[in-house]
Structure formats: structure tokens, C-alpha cells
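> Just need the structure, nothing else, for what follows:
(one chain, ligands or ions: 1)
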Amino acid sequence: MISFRSLRLSLRFVIPLAVALTVLAYALVPLVDKLTLRWFIRDLDSRSRLIATTLDEPLIQLLEQKNRGKINSMLLRVIKDERLHAVGYCDSDGKLLYNTSTFPKAITCPPARSGEKESSSIHNFSKLTVHVATHQIEQGSIKSGYLILVHDMSFITLRSADTRKYVIILFAVLGIVISIITVFVAHLSWRGWLEGVRAMLRGEGILRPFNQQTTSPELQPLLGDMRALLRTIDAERRFADDATITWSPESLRKLLHSHLAGERIIVVSNREPYIHVKKHKLIDINRPASGLVTAVEPVMRACSGTWIAHGSGSADRETADRNGRVPVPPKNPEYTLRRIWLTKEEEKGYYYGFANEGLWPLCHIAHVRPIFRTNDWQYYHAINQRFADAVIKEADNDDPVVLVQDYHFALLPGMIRQSLPKATIITFWHIPWPNQESFGICPWREEILRGLLGSTILGFHTPFHCKNFLETIDRYMETRIEHESSTISHGGQLTMVENYPISIQWPPPWQSTSIPILQNRTEILASMGLPKNHMLGLGVDRMDYTKGILERFMAVERMLEIHPELVGRFSFVQIAAPSRSDLEEYQGFQARVHAMAERINIRFTSNGHQAIILKAAHHEPDEINRYYRAADVCMVTSLHDGMNLVAKEFVAARDDEQGVLVLSQFTGAAHELHEALIVNPYHVEQTADALYSALTMPDNEQKERMSSMRAMVRDFNVYRWAGRMLLDAARVRQREKLTARIGRNL
Ligand code: F6P
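This next block holds a predicted model:
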């Protein structure tokens with residue numbers, strides 16, 4: 001369909017064209033007149049010659065007979081031809097001997113002895129224009145004379161008027177045909193041009209494979225400039241936002257209102273933030289041991305909206321309404337938790353199977369072999385679809401902001417995109433992304449990558465994980481990657497891949513209610529039967545083989561071997577929340593942790609004080625906070641970890657600016673907390689040394705290190721994490737709206 005706008009634009013070509021053609025037509029008419037007149041004169045000349053030749057013989061005979069009557073009637077017969085106006089005969093002395101009555105008086109005979117055989121001329125009388133042709137007649141005794149043929153030229157005037165009319169009609173038709181072709185071609189190229197500009201604004205111009213280039217050749221030179229400009233604007237705005245905003249729940253709320261029109265956000269994760277469990281006929285509310293929940297919950301409280309998650313608690317159904325909805329936090333509701341129900345088989349296939357036996361070991365370098373079963377994959381697919389349906393149901397407009405969390409939902413972005421093409425989907429991958437070769441062993445790698453490319457923004461903790469992802473895409477998918485802006489173009493959809501280091505809320509939730517640090521330390525030590533001056537190390541983890549718990553125990557053991565003076569004066573408390581215990585790998589790991597703790601304790605228990613105090617049970621966050629505040633050293637020795645928020649929680653808990661963090665170099669946190677003692681957990685000696693250095697570090701050095709790390713966690717808190725993603729999403733939305741508006745106005 002040709003739109004009114006393109007018609008209007010085309011008229012800008014057509015009107016000047018019509019004017020030009022009209023001027024041309026009027027300029028051409030006299031030329032055409034002259035030309036046709038010349039043709040007609042030539043035509044009349046030859047016509048006259050023909051008539052004269054035909055009359056030659058009979059006229060001579062009649063002249064010889066001097067038969068005046070017959071001569072006159074012959075001449076009268078000749079002028080019956082409508083174009084022949086008059087005929088006359090002049091003798092060689094230039095005297096008009098015979099003529100029809102119509103013969104104009106003004107026409108004279110050729111002078112005597114003119115010698116000219118034939119001639120022609122045009123004469124204009126008041127109402128008449130005539131062609132006069134003179135032909136010499138000569139034969140035998142007859143003295144040569146002249147036959148004068150006078151043709152009426154008014155038919156030429158008539159014909160000339162006709163010709164003028166036809167020329168003008170021809171030009172008008174030509175004009176219309178050219179206009180139609182012009183409008184059509186202009187419309188097509190306009191559309192192509194528009195598409196090109198739109199693609200450029202979307203950033204697709206140079207993101208397509210060379211044989212699928214959408215940008216027209218004439219736009220190519222503009223492309224680089226335009227993209228550079230957009231990048232500069234983006235970078236400047238980003239920098240300005242980052243530098244000027246103090247990130248807090250309030251600034252996050254403001255951002256939502258100013259940049260995202262107060263959108264309610266929809267969060268999707270497997271783990272729910274509040275789990276209702278039955279306990280001795282009562283219902284308890286548990287907060288899960290999950291970095292994801294720690295980070296996302298304060299964001300949800302600030303933004304409000306709906307959090308969709310698996311309802312896994314034994315009392316979850318009875319505490320939710322018939323749609324699975326429950327307002328949370330329970331004491332002071334600020335958003336809605338929408339629970340999704342799974343059968344035991346579904347949980348086994350989707351969560352335990354594909355997510356935790358397949359993707360989890362695939363993404364972590366912990367030397368546990370991933371297991372991929374077709375049956376698990378089918379459940380994974382089906383449950384992703386169930387969550388996608390729930391998102392679509394919860395969305396109250398066609399362009400909701402959806403935050404998809406973690407490796408349980410790799411297919412979800414693509415599924416949501418199919419039903420809500422305008423949705424802003426921010427996916428955050430909380431675990432590492434492996435290198436492309438390791439990822440390549442997943443039998444459903446293309447499906448997973450395609451699903452993730454449904455995201456508007458795909459976030460990882462570190463630039464290194466982003467790089468791994470881009471290389472994986474490059475290796476296994478037909479896409480175009482623009483490394484400079486970290487964008488992937490796939491099937492007309494752009495995905496921005498960016499690093500957003502996750503963090504925790506600041507100020508920490510327990511800041512105002514925590515008891516004084518010394519009192520807290522004394523109470524915690526006393527609760528474990530330890531004296532006041534006992535040195536305390538701490539580990540807080542889910543019972544997971546990626547966390548390096550065994551390596552940590554080995555480092556404790558080694559330190560006590562090297563420093564026997566610390567035996568009985570130092571204990572390491574390991575809080576290990578049970579996790580994924582339905583899986584054999586985890587059961588085995590749990591057994592190994594218990595066995596090693598026992599073995600070390602047999603070696604190094606003194607005065608009834610164990611070297612390792614293993615607390616393999618769920619602990620609520622406020623309780624864990626008390627351990628953080630009591631410890632001299634906190635050890636985070638993950639073999640591989642996306643970020644590890646325990647490191648940041650420990651730092652946040654230490655408002656006394658004391659305590660030392662020993663941190664694995666294989667965590668995302670090590671890229672931010674440079675003042676920690678960074679270790680390779682596979683290197684037992686080195687980790688043992690670091691532990692000893694921590695326990696013997698002077699207070700002022702502890703203070704220096706801790707205050708610097710606290711400033712880092714304060715400034716780069718979880719509101720900044722969410723805020724940066726939402727700002728980027730807002731920019732993408734704004735750019736899309738701008739593209740649409742430019743498209744409408746062009
Ligand atoms: O590390 C990935 C992650 O999803 C974290 O965000 C979270 O701390 C943990 O796994 C939770 O695991 P699960 O939900 O299986 O208990």
C-alpha cells in the first residue's frame with residue numbers, strides 16, 4: 001500500500017515534472033508547426049507536379065484545337081479536388097489565357113522568357129493562404145506556357161491545430177506515465193531508504209552478515225558515523241548516570257518512574273524468596289541460602305511488581321491464593337510472589353536433572369562431568385514454557401520489563417519474545433559462562449543460545465564471561481557480533497551482552513539492629529563453648545562441590561601443621577546449607593566434607609576445641625550476620641564462582657573495619673575486592689599461608705583493607721547492579737521508540 005505520506009512526498013517530484021513537461025510542450029509546438037508546414041509544402045509541390053504532368057498532354061491537345069470551352073471545363077473538373085483552389089494557364093508572354101473563376105487576381109503569370117521550368121510560393125490573402133505552383137508546358141508547335149495550380153492551405157492550418165493538440169496530449173500522457181513510474185520507484189526506494197535508516201538506528205546496519213545487508217549502499221558511509229555517535233551518547237549518558245547517582249532503593253524507584261514510566265517489573269527465578277514450611281503443625285517462613293535471592297529481593301522491594309518462582313515449600317500452597325499469589329515480605333508486603341507448581345517428576349527433570357546435573361557442572365570448572373539426558377531436556381523445555389506462560393499472564397501491557405534469572409531459564413527469553421515481541425527482557429546469568437569448546441558438548445547448545453538471544457540485555461558478572469559467551473555465539477550460531485558495542489544481531493533481534501557485577505544491599509539490612517561487635521563475638525564464641533580470646537575462621541556456603549570447602553579444610557589442616565601453636569586456639573566454623581541433596585554427586589560431596597572435618601578434628605582437637613566446627617544446616621540470614629561479625633577471618637575458596645556474595649556480605653557486616661577476607665581468584669568478587677588476600681584454592685600451601693597472615697594481620701592493616709572494600713561494596717551495591725541494567729534497558733526502549741517515531745515522521 002502506498003501511504004498518504006509517501007504520496008505527499010511523491011507529489012513533490014510530480015508537480016515540477018508536470019510544469020517542466022508543459023513548458024516543453026509549448027516550446028515544441030511552433031517547432032512542430034514549422035516542420036509539418038515544410039512537409040506539407042513539399043507534399044503540395046509534388047502533388048502539383050503530378051497534376052501538371054497528368055494535364056500536360058490533354059491540355060496541349062486542347063490548346064492546339066483552341067477549344068476554349070473544353071479547356072475551361074477541364075480546368076473546372078480539376079478544381080473539384082477540394083484542396084485545389086484554382087487553376088490557370090498563362091502563355092509564354094506572361095498573359096493569363098485561361099483560369100477558373102476562383103483564380104485570385106493577385107496571382108500573376110511568370111514574366112515572359114523567365115526560363116524557369118517550375119516554381120512554387122506561398123501567398124497570404126486576407127482570409128486565405130495558398131500554395132502557388134507554376135509548371136512549364138511545352139510541346140510541338142505550341143509555344144511553351146505555364147500551368148498555375150493554386151492549392152488552398154487552410155487544411156494545413158487545421159492539421160497543424162490537430163498536431164498541436166496531439167503533441168500536448170502526448171506530453172500529458174507522457175507526464176502521467178512518468179509520474180506513475182516516479183511515484184512507484186520513489187515509494188520503493190523511499191521504503192528501502194527508510195528501512196535502512198531504521199535498521200541503522202536499531203544498530204543493525206553493520207551487524208548483518210555481508211550477504212544479508214539491510215542498509216542501502218548510499219547509507220553505508222553514514223553508518224559508521226551514526227553508530228559512533230550513538231555509542232558516544234550512550235557512553236556519556238552511562239558515565240553521567242553512574243557518576244551522579246547515589247544508588248539506593250529510592251534512586252532505583254525514581255529511575256523506574258523517570259526512565260521506565262513507572263513500569264512494574266516481572267522477575268522470574270527458580271528459587272523463591274520466601275519459603276513456607278510446615279514445622280510441628282505450625283508454618284515457618286524460610287529465607288533460602290541463595291545469592292540470587294539475596295541480590296534480587298531488595299531490588300523487588302524497591303521496585304514492586306511480581307516475582308514468579310517455583311513454589312517449593314511444604315506449606316506454600318496453603319499460604320498462597322488459588323492463583324499461587326502471595327504478598328511478600330510477609331510482615332510488610334511490597335510486591336507479589338507468584339508461585340508455579342511442579343510435580344516431583346518435573347522438578348527432577350528440569351531442576352535436578354538438566355539445570356543442576358547438566359548446565360551447572362558445564363558452566364563451572366570443578367571437574368564434575370555434566371550429565372545430559374533427553375528426558376531432562378524435555379522437562380526443562382516444558383517448564384520454561386510454563387514460566388513463559390505465567391509471565392505472559394502477569395504482563396499487563398505488551399511491552400513489560402521482565403528480569404529473567406539464571407541458568408534454569410535459558411529458553412525463557414526466546415519463548416517470551418515470541419508472544420510479546422516488544423517486551424524488554426533482561427536476562428542475568430548468575431553463574432560463569434564457560435569457553436566455547438566446553439559449552440560445545442551440550443547436545444542442545446543451539447537451542448539454549450537461541451533462547452538466550454531472545455533477551456534485550458544479557459548480563460554476566462564479569463567481562464570475561466561476556467567474552468566467553470560472545471565467542472560461543474560466534475562459534476555455533478549464524479549471527480553478526482559487533483564487539484565494540486558488545487551486541488549480537490540475530491534474526492532481526494538485537495541482544496546487548498554486558499557485564500553487571502552483582503552485589504548486595506547497602507546499607508546492610510542488620511545495621512541498625514545488630515548488637516555491638518564485641519558483645520556479639522563473645523556471645524557467638526560462648527554459644528560454641530569457646531573462650532573469649534579464641535581465634536575464629538568462617539566459611540558460609542551451600543553444600544556444593546564448586547565452593548572449595550574441601551580445599552579450605554585442607555588449608556586449615558596445613559596451617560595447623562605449620563603453626564601447631566594455634567592448635568586449640570583457633571577454630572574454623574563452616575556453615576553449610578544443605579543443597580540439591582537429592583543428587584548423588586551432592587550426597588557424595590556432603591559425605592566427603594563430613595569425613596574430612598572429622599579426620600582433621602581427630603588430628604587437631606585440643607582442650608575440647610575442634611579445629612573445624614561443621615554446621616551443616618540451614619541458617620537464617622540474621623544469624624549468619626552474627627557469625628560474620630564474630631569472625632577474625634572469612635574464607636571464600638570457590639573453585640569457580642560467578643560472583644560469590646558471601647565475600648561482600650562479610651565486608652558489609654564489618655562496620656568495625658576489622659576482619660580479613662581470604663578470597664579465591666576464581667570468583668567474580670576477586671575482580672572487585674582487591675584488598676582481600678587473593679588465593680588459588682587448589683594451592684593448599686598458599687591458602688594456608690594466607691589464612692595464617694589473616695590471623696596475624698595487624699589491626700591497622702585490617703582496617704585499611706576493610707574500609708577500602710566497604711567503600712567498594714557501598715558504592716557498587718545491588719541497587720547500582722539493577723539500576724545499570726534498567727538504565728540500559730530504558731535506553732534500548734527509548735531508542736526503539738525514537739526509531740519508531742523517526743520512521744513515522746520520515
Ligand atoms: O549460583 C547460582 C545460583 O542460582 C545462585 O544465584 C544461588 O545462590 C544458588 O545458585 C542457589 O541454588 P539453588 O537455587 O539450587 O539452591
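> number of nearby residues for the residue in the stretch 601-746 of the chain that the ligand sits nearest to?
Of all residues in the stretch 601-746 of the chain, Gly642 sits closest to the ligand, at 5.8 Å by C-beta to the nearest ligand atom. Quick note: C-beta positions are derived from backbone N, CA and C, even for glycine. Gly642 has 28 neighbouring residues, counting by other C-beta atoms under 10 Å.
> so who does it touch?
For Gly642, the contact set (C-beta atoms under 8 Å, 6 or more residues apart in numbering) comprises 291, 429-432, 460-461, 465, 502, 667-668.
> and what of Met643?
By C-beta under 8 Å, 6+ apart, Met643 lies in contact with 291, 430, 461, 501-502, 667-669.
> And Gln505, by the same measure?
By C-beta under 8 Å, 6+ apart, the contact set of Gln505 is 298, 717-719.
> Local confidence estimate at Glu446?
Looking at Glu446, its pLDDT reads 98.
> How about Ile107?
89.
> The nearest residue to it once chain neighbours are set aside: which element?
Excluding its sequence neighbours, the residue lying closest to Ile107 (C-beta to C-beta, 6 or more residues apart in numbering) is Val132, at 5.8 Å. Secondary structure from DSSP states H and E places Val132 in strand 129-139.
> and that strand, what's its mean pLDDT?
On average, strand 129-139 scores 85.
> With just CA atoms, put it into PDB.
The C-alpha trace of strand 129-139 is given here as PDB (Å, rounded to 0.1, in the frame of the first residue of the first chain):
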ATOM      1  CA  THR A 129      -3.300  31.200 -47.500                       C
ATOM      2  CA  VAL A 130      -2.500  29.500 -50.800                       C
ATOM      3  CA  HIS A 131       0.300  27.400 -52.400                       C
ATOM      4  CA  VAL A 132       1.000  28.500 -55.900                       C
ATOM      5  CA  ALA A 133       2.900  26.100 -58.200                       C
ATOM      6  CA  THR A 134       3.900  27.100 -61.700                       C
ATOM      7  CA  HIS A 135       4.800  24.400 -64.300                       C
ATOM      8  CA  GLN A 136       6.000  25.000 -67.800                       C
ATOM      9  CA  ILE A 137       4.000  23.300 -70.600                       C
ATOM     10  CA  GLU A 138       5.700  22.900 -73.900                       C
ATOM     11  CA  GLN A 139       5.200  20.600 -76.800                       C
END
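> Can you get me a residue count around Pro531?
12.
> Doesn't it belong to a strand?
No. Assigned with DSSP: H, G, I helix; E, B strand; the rest coil, Pro531 falls outside any strand and is coil.
> Name the residue of the stretch 501-650 of the chain with the shortest distance to the ligand.
Closest point on the stretch 501-650 of the chain to the ligand, by C-beta to the nearest ligand atom, is Ser579, at 5.2 Å.
> nearest spatial neighbour of that residue, skipping sequence neighbours?
Ser579 sits nearest to Arg542 (C-beta to C-beta, 6+ apart), 3.7 Å away.
> Ramachandran angles for the one you found?
With angles defined as degrees, to the nearest 10, Arg542 sits at phi -80, psi 150.
> Next: Lys127.
According to degrees, to the nearest 10, Lys127 has phi -110, psi 10.
> cool, Tyr335 as well?
Torsion angles, degrees, to the nearest 10, at Tyr335: phi -150, psi 180.
> Val556 now?
According to degrees, to the nearest 10, Val556 has phi -60, psi -50.
> From the contact counts, what lies against the helix or strand containing Ile600?
Per DSSP H and E: Ile600 is located in helix 584-604. In this structure, helix 584-604 makes packing contacts with helix 549-562, strand 570-577, strand 612-615, judged by 3 or more C-beta pairs under 8 Å, 6 or more residues apart in numbering; DSSP states H and E.
> Pull the residues that contact the last one.
What it means is strand 612-615. 528, 553, 556, 571-576, 593-594, 597, 600-601.
> out of the contacts of Gly642, which touch the ligand?
Restricting the contacts of Gly642 to those adjacent to the ligand (criterion: C-beta under 6 Å from any ligand atom) gives 291, 430-431.
> Just the ones of these in helices?
Among the ones next to the ligand among the contacts of Gly642, the members falling in helices (DSSP state H) are Gly291.
> Can you tell me which one of the ones next to the ligand among the contacts of Gly642 carries the smallest pLDDT value?
Least confident of those in the model: Gly291, at 93.
> Next, count neighbours for that one.
Neighbours of Gly291 (other C-beta under 10 Å): 21.
> Equivalent analysis for the one 5 residues further on, please.
A count of nearby residues for Val296, using other C-beta under 10 Å, gives 26.
> Isn't it up against Ser269?
Yes. The criterion here is C-beta atoms under 8 Å, and Val296 meets it with Ser269 at 6.8 Å.
> between the strand or helix carrying Val177 and strand 129-139, how big is the angle?
If you go by DSSP H and E, Val177 is part of helix 154-202. With axes from the mean of the first three to the mean of the last three C-alpha atoms, to 10 degrees as the basis, helix 154-202 and strand 129-139 are set at 130 degrees to each other.
> Give the other helices and strands that helix 154-202 contacts.
Using 3+ C-beta pairs under 8 Å, 6+ apart: helix 154-202 touches helix 4-65, strand 129-139, helix 220-244, helix 718-745.
> now the first one, how far from the centre of its chain.
In this case it means helix 4-65. Distance of helix 4-65 from its chain centroid, counting by C-alpha atoms, centre = their mean, to the nearest Å, is 64 Å.
> Residues in contact with the helix or strand that that helix is followed by: which ones?
Sequence-wise, the next helix or strand downstream of helix 4-65 (DSSP H and E) is helix 68-78. Helix 68-78 is contacted by residues 51, 55, 58-59, 62-63, 84, 87-89, 98-100 when judged by C-beta under 8 Å, 6+ apart.
> on that earlier part again, report the angle between the helix holding Val177 and helix 718-745.
Going by the same axes, to 10 degrees, helix 154-202 makes 180 degrees with helix 718-745.
> average pLDDT across helix 154-202?
74.
> for stretch 477-494, same thing?
For stretch 477-494, the mean per-residue pLDDT is 93.
> Same question for stretch 77-92.
86.
> Alpha carbons of that stretch, in CSV - could you do that?
Once non-C-alpha atoms are left out, stretch 77-92 reads as follows in CSV (Å, rounded to 0.1, in the frame of the first residue of the first chain):
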residue,chain,number,x,y,z
ARG,A,77,-13.0,19.4,-63.3
VAL,A,78,-9.6,19.7,-61.9
ILE,A,79,-10.6,22.0,-59.1
LYS,A,80,-13.2,19.6,-58.0
ASP,A,81,-10.4,18.3,-55.8
GLU,A,82,-11.2,20.0,-52.6
ARG,A,83,-7.7,21.1,-51.9
LEU,A,84,-7.1,22.6,-55.3
HIS,A,85,-8.5,26.1,-55.1
ALA,A,86,-7.8,27.4,-58.6
VAL,A,87,-6.1,26.7,-61.9
GLY,A,88,-4.9,29.0,-64.6
TYR,A,89,-2.9,28.9,-67.8
CYS,A,90,-0.5,31.6,-68.8
ASP,A,91,1.1,31.8,-72.2
SER,A,92,4.8,32.3,-72.7
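> what's near enough to touch the residue in the stretch 401-550 of the chain that the ligand sits nearest to?
As assessed by C-beta to the nearest ligand atom, the ligand sits closest to His430 within the stretch 401-550 of the chain, at 3.9 Å. Listed by C-beta under 8 Å, 6+ apart, the contact set of His430 reads 291-292, 405-407, 461, 502, 642-643.
> Tell me which entries of those residues lie within helices.
291-292.
> Give the single residue among the contacts of His430 positioned nearest to Ile515.
Checking those against Ile515 with C-beta to C-beta, the nearest one is Gly291 at 25.7 Å.
> Would you mind measuring from the spatially closest residue to that closest one that is not a sequence neighbour to Leu97?
Of all residues not flanking Gly291 in the chain, Leu645 sits nearest, at 4.2 Å (C-beta to C-beta, 6+ apart). Per C-beta to C-beta, to the nearest Å, Leu645 is found 131 Å from Leu97.
> who's more crowded, those two?
For Leu645 and Leu97, the more surrounded residue by other C-beta under 10 Å is Leu645, and the numbers stand at 27 against 15.
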